[in-house]
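> My questions concern the predicted model and sequence given below.
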Amino acid sequence: MKHLIMTLLTTLGLGLSATTTTAHAQDGPIVVGGLNYTEHLILTSATFQLLQAKGYDVDKREGLGTSVLRQAQENGQVDLYWEYTGNSVILFNDQPQPDNAAETYATAKRLDGEKGLVWLNPSDTNNTYALAMREADAEKLDIHTLSDLAAAMNDGADLTLASNAEFYAREDGLRPLQEAYGFEFPRSRVKRMDSGLTYNALREGEVDVALVFATDGRNGAFDFEVLDDDQQFFPVYQLAPVVREETLDAHPELSPLLNDMSAALNDPTLIDINRRVDVDDQNIERVAKDFLTENDLL
């Protein structure tokens, strides 16, 4: 996504001028940011609706790339958004992968705190990367773990992978994954596409293996088998609200509101709300409001 940063920022009016570092919370609406896929669109909408219901003047800037959104928050153009601990540690702070979820969260909180970004309470989630196959094919080929996949590829299995462009290039992405497990998809056998398209490509038989997210509701609905990361390569991607320190200073009551929302999130809940949108074709705003209502947050 990095090569799209300047284009997206220009298009969305989020230029990186140093003159825009004052938090919106102090001179205008609280700006809630969001990433460009279903789970984050739901959480962004839910946060927006929650703050509106509590009487805040709120704006929303959603559908951004990972690095674009982070840069916008650091520059004061976004006040808060939901981030994944692994992104902070590995992608933004260029640190090695910690051993567990608690260490990952503590590292993100400490390093981002030095930048004026406050990590509130983490949710009980881990929306990490994963590779999936169609259940029937996984059973036929006896591939149930990433080590099984590596062994099959090294034995000559002619499998094609669907990956998004970001995972293909990330430091915790495809290349180091293959190095860790000791196999390689030939470049000609990797099809790069938008994240949402990898699911349909696998479902429709265009590829044999696809990059998925662990909490995506389509994994079960489409009869995928998510391959076990038996060497625990993938980092922990635990969701938590991250707020500019200046914004919290101006609105300290945001902390308990967002912490209550975080406490309502877990992997089964994320899978459920993602499924409602991606499989059942429900409206994002409706699903977000239902989540808030079902958890007594409104």
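Structure received.

> rest of the way, CA atoms for contacts and neighbours
OK.

> helix, strand or coil for Phe185?
coil (DSSP: H, G, I helix; E, B strand; the rest coil).

> Now do the contacts for it.
Met153, Leu159, Thr160, Leu161 (Cα atoms under 8 Å, 6 or more residues apart in numbering).

> Using JSON lines, please lay out these together with secondary structure.
Formatted as JSON lines, the contacts of Phe185 follow (three-state DSSP):
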{"residue": "Met153", "secondary structure": "helix"}
{"residue": "Leu159", "secondary structure": "coil"}
{"residue": "Thr160", "secondary structure": "coil"}
{"residue": "Leu161", "secondary structure": "strand"}
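
> Are any of those buried, and if so which?
Neighbour counting by 16 or more other Cα atoms under 10 Å classes Met153, Thr160, Leu161 among those as buried.

> Run through the bridge partners of the last one.
The residues listed as beta-bridge partners of Leu161 by DSSP bridges are Val190, Val209.

> Quick check: Asp228 touching His144?
Yes: here Asp228 reaches His144: they are 6.4 Å apart, a contact under Cα atoms under 8 Å.

> The two: which has the busier surroundings?
Neighbours per residue (other Cα atoms under 10 Å) separate Asp228 from His144, with His144 holding more: 19 against 16.

> What helix or strand is the spatially closest residue to Ala101 that is not a sequence neighbour located in?
Setting aside the residues directly before and after it, Ala101 is nearest to Val236 in space (Cα to Cα, 6 or more residues apart in numbering), at 5.8 Å. For Val236, there is no helix or strand it lies in under DSSP states H and E.

> any idea how far Val236 lies from Asn274?
From Val236 across to Asn274, the span is 19 Å (Cα to Cα, to the nearest Å).

> Also Asp249?
From Asp249 to Asn274 the distance is 33 Å (Cα to Cα).

> Neighbour count: the two, which is higher?
Just comparing Asp249 and Asn274: by other Cα under 10 Å the higher neighbour count belongs to Asn274, 26 against 12.

> OK, contacts around Val89?
Listed by Cα under 8 Å, 6+ apart, the contact partners of Val89 are Gln95, Pro96, Gln97, Thr104, Thr107, Ala108.

> Kindly recompute the last result at 7 Å.
Gln95, Thr104, Thr107, Ala108 (Cα atoms under 7 Å, 6 or more residues apart in numbering).
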